[in-house]
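# no FASTA, just this:
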């Protein structure tokens, strides 16, 4: 099975369960989010991380992100102070990735080697949320931008054509938007826009 077509508002439970089964068996999936397609595996899946790096031609320095279902889940993964908490709360769910110091809950290989930080996000997308909720843990992911391209992939059938043979499942469904997330770096305390994308940056100007 290289792809399944999911209903954007009421994702079929059997397909959600199929995605979770593949993830639990150390598989890699491509799924639509609120900011283009992402390529994802389970936290701690080193082979999955290597597959993602190989498809995107990324080096060891690449920062992965964690797709979270809820603010409570996000709070277990990163160290957040009160003002950061309020900012993130106001902007989620949405097309933002927040760079923060990781907690001991995160495998060291997932963290930025020098800064011990990780990107976290709570996407505003029904399918992504259903899969992360059913998995009952955050998903390790990277925006699906292929080598030599600057924008994320947005069409599931094209994703299947181009990388379907390299991964275990492509979920075909509409994306919420065609721009990558806005990245907010909180590692110095105050939020700094590290990459302007789909999310509004006016709070940080």
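Perfect, thanks for sending it. Keep in mind the model is a prediction, meaning the values are calculated, not measured. Residues are numbered from 1 along each chain as shown.
# Residues in contact with the least confident helix or strand in the chain by mean pLDDT: which ones?
Every helix and strand in the chain was compared by mean pLDDT, DSSP states H and E; the lowest is helix 71-77, with a mean of 91. With CB atoms under 8 Å, 6 or more residues apart in numbering as the test, helix 71-77 has contacts from 66, 68, 80, 88-89, 92, 102-103, 105-106, 118, 120, 122, 137-138. In short, each C-beta sits where N, CA and C put it, glycine included.
# do stretch 107-114 as well
Stretch 107-114 is contacted from outside by 43-44, 46, 49, 60-61, 63-64, 66, 102, 117-118, 140, using CB under 8 Å, 6+ apart.
# Pipe those residues into JSON lines and attach distance to residue 157 and neighbour count per row.
JSON lines is the format used below for the contacts of stretch 107-114 (distance: CB to CB, whole Å; neighbours: other CB atoms under 10 Å):
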{"residue": "43", "distance to residue 157": "28", "neighbour count": "20"}
{"residue": "44", "distance to residue 157": "31", "neighbour count": "14"}
{"residue": "46", "distance to residue 157": "30", "neighbour count": "12"}
{"residue": "49", "distance to residue 157": "26", "neighbour count": "23"}
{"residue": "60", "distance to residue 157": "32", "neighbour count": "8"}
{"residue": "61", "distance to residue 157": "32", "neighbour count": "8"}
{"residue": "63", "distance to residue 157": "29", "neighbour count": "17"}
{"residue": "64", "distance to residue 157": "26", "neighbour count": "21"}
{"residue": "66", "distance to residue 157": "27", "neighbour count": "25"}
{"residue": "102", "distance to residue 157": "35", "neighbour count": "21"}
{"residue": "117", "distance to residue 157": "35", "neighbour count": "21"}
{"residue": "118", "distance to residue 157": "31", "neighbour count": "24"}
{"residue": "140", "distance to residue 157": "25", "neighbour count": "26"}
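# tell me the strands in the protein, going along the chain?
Ranges of strands within the chain are 3-5, 29-33, 36-42, 65-67, 96-101, 117-121, 139-143, 169-172, 182-185, 192-195, based on DSSP state E.
# and the fifth one, which strands flank it?
Think strand 96-101. strand 117-121 (antiparallel), strand 182-185 (parallel) (DSSP bridges).
# between the longest one and strand 36-42, how big is the angle?
Think strand 117-121. Interaxial angle, strand 117-121 versus strand 36-42 (axes from the mean of the first three to the mean of the last three CA atoms, to 10 degrees): 120 degrees.
# How far off centre is strand 117-121?
9 Å (CA atoms, centre = their mean, to the nearest Å).
# One more: the shortest one?
Taking the mean of its C-alpha atoms, strand 182-185 sits 13 Å from the chain's own mean (CA atoms, centre = their mean).
# Quick one: mean pLDDT for that strand?
Strand 182-185 carries an average pLDDT of 95.
# Dump the strands of the chain into JSON lines; add distance to residue 131 as well.
Putting the strands of the chain into JSON lines (distance: least, CB to CB, whole Å) gives the following:
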{"stretch": "strand 3-5", "distance to residue 131": "12"}
{"stretch": "strand 29-33", "distance to residue 131": "7"}
{"stretch": "strand 36-42", "distance to residue 131": "9"}
{"stretch": "strand 65-67", "distance to residue 131": "9"}
{"stretch": "strand 96-101", "distance to residue 131": "18"}
{"stretch": "strand 117-121", "distance to residue 131": "14"}
{"stretch": "strand 139-143", "distance to residue 131": "7"}
{"stretch": "strand 169-172", "distance to residue 131": "8"}
{"stretch": "strand 182-185", "distance to residue 131": "22"}
{"stretch": "strand 192-195", "distance to residue 131": "25"}
